[in-house]
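Q: Any chance you can model this:
(chains A and B)
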Amino acid sequence: MKKIRLFRVVGSFAENKDLARDIRIKRIVPALENNEKIILDFTGVDSATQSFIHALISEIMRRWGDDVLDNVYFENCNETIQKIINIVVEYMQEA
Amino acid sequence: MRMHLPNSAFLGNIDPFLRTFDRSNPDVLEVSANKRWISVHPVVISMIAALSLGIRRSSCEKLEAKSKHYFERMGLFKFLKVDSGMGITEHEPAGRFIPLTQIKTSDELTKFIKDMIPLLHLSPNHVEPIGYIVSELVRNVLEHSSSKQGAILCAQFYKKSNTIRLGIVDCGVGIKKTINVSHRAKTDLEAIRLALIPGITGTTKKEGGTELNAGAGLFFIKSIAEVNRDFFVVYSGNAVYKLLKRDLARTIKLHADPFKDRHSKGEDYPYWQGTTIGIDMSLDTKEEFTSLLDLIRDTYSQAIKERKKQRYKRARFI
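A: All right, here's what the predicted structure looks like:
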């Protein structure tokens, strides 16, 4: 299980899509390719934009399908962040 | 080009100001002003500042209005590169306004948001939507406008109405050109409509968007304004879409199609090369950001289902 602590990279407001893409490409995708499970730890992150969450996870859902959600866990998300993640996860599955 | 700072121009009464914009002689910007009193939305100041970038010469008639110092503090004359002749001491901006700012890179935006939040002295429930609005709108400019000048923005807190008003402007390619990379909008107004529908992005025709774009940013912003019963204006090309204030007594219902919201629109305005966005945000609103997200989730999901349904093959009865 690989834990990725987002606050260190993105700060308390996760809005920089470039950073989201970097985390996905450099850390999430290689772990998934090695069949590792991932924890995205949102400790210290107070809020996020839909664009940030989209840049972080939409491509892995497109590449591995909805089942990738069995290998990616979202930890210590407040209510706002949980809801934004749910929006992105839902529209990616409905699309 | 010519712009006139009128006596009053806020989002509710901005149309006359927009219609006086004169695009002739595009190398030069001349700014004139009401002689007695000028009180305008930050979007007006952002528009003038944005126009002043990348042109040969700007000029501004000597302001006589009592409120002239406001424009000095907002940094307008620095953008115009004209001497205002006002030797005022600049006030500490905390809690009052965000002066004109130009943002050209993603990192500049991240730094700006970090610095901006303490300046506005907002309560935590207002920090979220304001940060959200600025981030999404400026990122739209950086990613889609192809403007070398980036985004120009400023904001002002109005104590009397307990409202923050914000204007974000670019002089890039405009919404129609961006949307038409993947869709077919015949007019600027149709392009604005498509850009406000959740799940439609200029970067792809595919549902779900690309790895970096979902086509949801402007829909989220419009939804924040709708839930807060605030004005929201988009001006691009010769079209203007304005989300109007909603009756407080009516229950909140978000629409995927912006033309189903209470709005006004027109497509006979002077051509704006780029995109201008103005938004008001009342700080009296009790609606929590998380409640808004529930509404957005339902509306977004419904919009995708309806679009998918439109693509279903139909049984042919002969």
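
Q: Run through the strands of the chain in chain order.
A: All of this refers to chain A. In chain A, the strands defined using DSSP state E lie at A:2-5, A:13-14, A:38-41, A:47-48, A:72-75.

Q: think we crossed wires, I meant chain B
A: B:2-5, B:8-9, B:28-33, B:39-40, B:57-60, B:97-103, B:151-158, B:163-170, B:232-237, B:239-243, B:263-266, B:272-282.

Q: Direction included, what does the longest one pair up with?
A: Sheet pairing for strand B:272-282, assigned by DSSP bridges, gives strand B:163-170 (antiparallel), strand B:232-237 (antiparallel).

Q: Compute the inter-axis angle for the last one and strand B:239-243.
A: I take that to be strand B:232-237. With axes from the mean of the first three to the mean of the last three CA atoms, to 10 degrees applied, the angle from strand B:232-237 to strand B:239-243 works out at 170 degrees.

Q: And the residue of chain A closest to chain B?
A: Minimum separation of chain A from chain B (CB to the nearest CB) falls at residue A:95, amounting to 3.2 Å. (C-beta placed from N, C-alpha, C; glycine too.)

Q: And for residue 18, the neighbour number?
A: This is for chain A. When counting by other CB atoms under 10 Å in any protein chain shown, one arrives at 17 neighbours for residue A:18.

Q: Actually, chain B is the one I wanted.
A: Other residues close to residue B:18 by other CB under 10 Å number 20.

Q: residues in contact with residue A:89?
A: A:57, A:61, A:69 (CB atoms under 8 Å, 6 or more residues apart in numbering or on different chains).

Q: ugh, typo on my part, it should be residue B:130
A: Counting by CB under 8 Å, 6+ apart, residue B:130 has contacts B:116-117, B:120, B:122, B:164, B:166, B:281.

Q: Can I get the buried part of those residues as one ChimeraX selection?
A: This is how ChimeraX selects the buried members of those, with burial counted by 16 or more other CB atoms under 10 Å in any protein chain shown:
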select /B:116,117,120,122,164,166,281
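
Q: pLDDT added to the contacts of residue B:130, as JSON lines?
A: What follows is the contacts of residue B:130, written out as JSON lines (pLDDT from 0 to 100):
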{"residue": "B:116", "pLDDT": "87"}
{"residue": "B:117", "pLDDT": "79"}
{"residue": "B:120", "pLDDT": "79"}
{"residue": "B:122", "pLDDT": "81"}
{"residue": "B:164", "pLDDT": "92"}
{"residue": "B:166", "pLDDT": "96"}
{"residue": "B:281", "pLDDT": "91"}
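
Q: Going by distance to residue A:4, which of the contacts of residue B:130 wins?
A: The closest of those to residue A:4 turns out to be residue B:117 (CB to CB; 25.1 Å).

Q: I'd say the closest one and residue B:128 touch.
A: No. Residue B:117 is beyond contact range of residue B:128, at 10.0 Å (criterion: CB atoms under 8 Å).

Q: on that earlier part again, any idea which of the contacts of residue B:130 is closest to chain A?
A: Lowest distance from chain A to the contacts of residue B:130 (CB to the nearest CB) belongs to residue B:117, with 8.1 Å.

Q: contacting residues around the closest one?
A: B:127, B:130-131.

Q: What parts of the stretch 51-200 of chain B come near chain A?
A: B:106-107, B:109-110, B:113-114, B:127-128, B:131-132, B:135-136, B:139, B:198-199 (CB under 8 Å from any CB of the partner chain).

Q: PyMOL command for the buried members of those?
A: With 16+ other CB under 10 Å as the criterion, this PyMOL line picks the buried residues out of those:
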select buried, chain B and resi 106+109+110+113+127+128+131+132+135+136+139+198+199
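
Q: what are the bridge partners for residue B:32, then?
A: residue B:4.

Q: The residue nearest the centre of chain B bridge partners, please.
A: With distances taken as CA atoms, centre = their mean, chain B has residue B:277 as the residue nearest its mean C-alpha position (1.6 Å). Beta-bridge pairing of residue B:277 under DSSP bridges involves residue B:168, residue B:234.

Q: ok, which stretches of the chain are helices?
A: Because you didn't say which chain, this covers chain A. Taking DSSP state H to define them, one finds helices in chain A at A:7-10, A:17-23, A:29-33, A:50-64, A:79-94.

Q: could you do chain B instead?
A: Using DSSP H, helices in chain B cover B:15-19, B:42-52, B:68-74, B:76-80, B:106-120, B:124-144, B:175-179, B:188-196, B:217-227, B:289-310.

Q: and the fourth one, what does it pack onto?
A: Helix B:76-80 sits against helix B:42-52, strand B:57-60, strand B:97-103, with contacts defined as 3 or more CB pairs under 8 Å, 6 or more residues apart in numbering or on different chains; DSSP states H and E.

Q: Kindly recompute the last result at 10 Å.
A: With contacts taken as 3 or more CB pairs under 10 Å, 6 or more residues apart in numbering or on different chains; DSSP states H and E, helix B:76-80 sits against strand B:28-33, helix B:42-52, strand B:57-60, helix B:68-74, strand B:97-103.

Q: of all of the stretch 51-200 of chain B, which residue lies closest to chain A?
A: For the stretch 51-200 of chain B, CB to the nearest CB, closest residue to chain A: residue B:135, 4.0 Å.

Q: and of the helices of chain A, who's closest to residue B:224?
A: Nearest to residue B:224 among the helices of chain A is helix A:50-64 (11.7 Å), distances taken as CB to CB.
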